[in-house]
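Peer 1: Provided below are the primary sequence and the corresponding predicted coordinates.
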Amino acid sequence: MYDVAIIGTGPAGISAALTLKALKKNIILFGNIALSEKIRRAEKINNYPGLNAISGEDFAHNISVQLKSLNIEITNKQVTGIYNMDSHYGILCNTEVFEAQTVILASGVEPIKAIDGELEFLGRGVSYCATCDGSLYKGKTIAVICTSSEYENEVQYLSELADKVYLFPLYKDVSISLNNIEIINGIPKQIVGNFRVSGLIHSKGELDVDGIFMLKSAISPSALIQGIEMNDGHVVVNRNCATNLSGVFAAGDCTGRPYQYAKAVGEGNVAAHSAVKYLFSKKG
Ligand code: FAD
């Protein structure tokens, strides 16, 4: 059992990991070994103390070196669900489960907001995980909304199971092309159905589908963990970065604006200290 599970390898998650490591906690850090696209994409960072006009690539490189020197490993997995097990939390990554006493959400914000019906039909035809749920759609018709070419291998996997795949690539330079994949150049607008998904309305029409896969890097915290309080797409936290759920903290862009490195790093540090206090209070 880990003391703290950190979800996200952007500045907020990394800052939390550095603090927790210094405080000798047993942590697991979920995210991307390439850290965060939002670090790498910055052309020049001019508003971070001590870093003068550093490029995002160099910033990311420095962080990777720092993590390595401190023996902090990144578990290169996407978290698909977080479950309250009463005394601790279960963190699901596709089919694997990890356990931790506390959780720090540092998952950033996805520029693409949830579409109408996405959360309502989650688990009833909407899925974020090709590996977990793909087999449910053998021989069926599905839509796949995909935000990056890095998920094309998952699209291919789904196309091997489903009879027909309508692919909505929300990125340029699509390289996947298979007989049963039809690329739709519309914008997904609304998921419809009664108890289960039956269709997808997009900017150029409507499709009858049995299921919809949303392949994107950040899943809304409200879809990851039941009962978390949100406001306008952000996790509600207090000054200690505590959420409304006992033992769950949040930091960085996912808690709201300003979307900036300094704010993310600061909150990551606060969340780490709060998690340590929480662990201490549990012992007593
Ligand atoms: P992010 O950096 O978004 O990191 C979140 C991480 O969580 C990602 O690695 C993501 O893959 C991971 N993740 C999400 N969901 C899951 C999951 N379910 N399982 C596992 N991992 C998950 N700010 C400045 O202050 N100065 C600048 O100059 C500046 N320039 C920018 C330039 C660009 C082009 C962009 C896009 C942003 C810029 N920003 C800048 C904003 C800054 O990048 C963000 O505020 C900052 O990265 C937020 O950090 P974060 O850790 O909260 O989230």
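Peer 2: Perfect, thanks for sending it.
Peer 1: neighbours of the residue in the stretch 51-200 of the chain that the ligand sits nearest to, how many?
Peer 2: Nearest residue of the stretch 51-200 of the chain to the ligand (C-beta to the nearest ligand atom) works out as residue 108 at 2.3 Å. Bear in mind the C-beta positions are built from the backbone N, C-alpha and C, glycine included. The number of residues packed near residue 108 is 24, by other C-beta atoms under 10 Å.
Peer 1: could you find the closest non-adjacent residue to it?
Peer 2: Spatial nearest neighbour of residue 108, excluding adjacent residues (C-beta to C-beta, 6 or more residues apart in numbering): residue 253 at 4.7 Å.
Peer 1: wait, a helix at the one you found?
Peer 2: Yes: under DSSP: H, G, I helix; E, B strand; the rest coil, residue 253 sits within a helix.
Peer 1: ok, it touching residue 109?
Peer 2: Yes: applying C-beta atoms under 8 Å, one finds residue 253 in contact with residue 109, separated by 4.6 Å.
Peer 1: with neighbour numbers in mind, choose between those two.
Peer 2: residue 253 (26 against 19).
Peer 1: how close does that one sit to residue 52?
Peer 2: 24 Å (C-beta to C-beta, to the nearest Å).
Peer 1: report the contact partners of the nearest residue in space to residue 218 that is not next to it in sequence.
Peer 2: Using C-beta to C-beta, 6+ apart and skipping the chain neighbours, the partner closest in space to residue 218 is residue 110 (3.8 Å). Applying C-beta atoms under 8 Å, 6 or more residues apart in numbering to residue 110 gives the contacts 147, 216-220.
Peer 1: switch the residues you listed over to TSV; also include distance to the ligand, neighbour count and pLDDT.
Peer 2: Output for the contacts of residue 110, formatted as TSV (distance: C-beta to the nearest ligand atom, whole Å; neighbours: other C-beta atoms under 10 Å; pLDDT from 0 to 100):
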residue	distance to the ligand	neighbour count	pLDDT
147	11	18	87
216	9	19	82
217	4	20	71
218	4	20	72
219	5	21	79
220	9	23	85
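Peer 1: need these in TSV (columns: secondary structure).
Peer 2: Listed next are the contacts of residue 110 as TSV, based on three-state DSSP:
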residue	secondary structure
147	coil
216	coil
217	coil
218	coil
219	coil
220	coil
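Peer 1: hang on, the earlier thing: mutual contacts of residue 253 and residue 109, please.
Peer 2: residue 259.
Peer 1: residue 3 belongs to a strand, doesn't it?
Peer 2: Yes: according to three-state DSSP, residue 3 belongs to a strand.
Peer 1: now it: how far from residue 198?
Peer 2: Relative to residue 198, and taking C-beta to C-beta, residue 3 is found at 44 Å.
Peer 1: who's more crowded, those two?
Peer 2: Using other C-beta under 10 Å as the criterion, residue 3 and residue 198 rank with residue 3 on top: 19 against 15.
Peer 1: quick one: the lowest-mean-pLDDT helix or strand in the chain near the ligand?
Peer 2: Using mean pLDDT, DSSP states H and E, the weakest-scoring helix or strand in the chain turns out to be helix 130-133, at a mean of 80. No: on the criterion C-beta under 6 Å from any ligand atom, helix 130-133 is out of touch with the ligand, staying 13.0 Å away.
Peer 1: partner strands of the next helix or strand after that helix and their direction?
Peer 2: Once the chain leaves helix 130-133, the next helix or strand it forms, by DSSP states H and E, is strand 141-146. Each strand paired with strand 141-146, and its direction, by DSSP bridges: strand 164-169 (parallel), strand 211-215 (parallel).
Peer 1: just how off-centre is the longest one within its chain?
Peer 2: Which is strand 164-169. 22 Å (C-alpha atoms, centre = their mean, to the nearest Å).
Peer 1: next: stretch 267-275.
Peer 2: Offset of stretch 267-275 from its chain centre (C-alpha atoms, centre = their mean): 19 Å.
Peer 1: not counting that stretch itself, show me its contacts.
Peer 2: With C-beta under 8 Å, 6+ apart as the criterion, stretch 267-275 contacts 3-4, 11-17, 19-20, 23, 25, 102, 104, 106, 237, 239-242, 247, 249-252, 255.
Peer 1: alpha carbons of that stretch, as CSV, please.
Peer 2: These are the backbone C-alpha positions of stretch 267-275, laid out as CSV (Å, rounded to 0.1, in the frame of the first residue of the first chain):
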residue,chain,number,x,y,z
GLU,A,267,-0.4,23.9,-4.9
GLY,A,268,1.5,20.6,-5.5
ASN,A,269,3.7,21.5,-2.5
VAL,A,270,0.7,22.5,-0.3
ALA,A,271,-1.2,19.3,-1.3
ALA,A,272,1.8,17.2,-0.4
HIS,A,273,2.0,18.7,3.1
SER,A,274,-1.7,18.3,3.6
ALA,A,275,-1.5,14.7,2.6
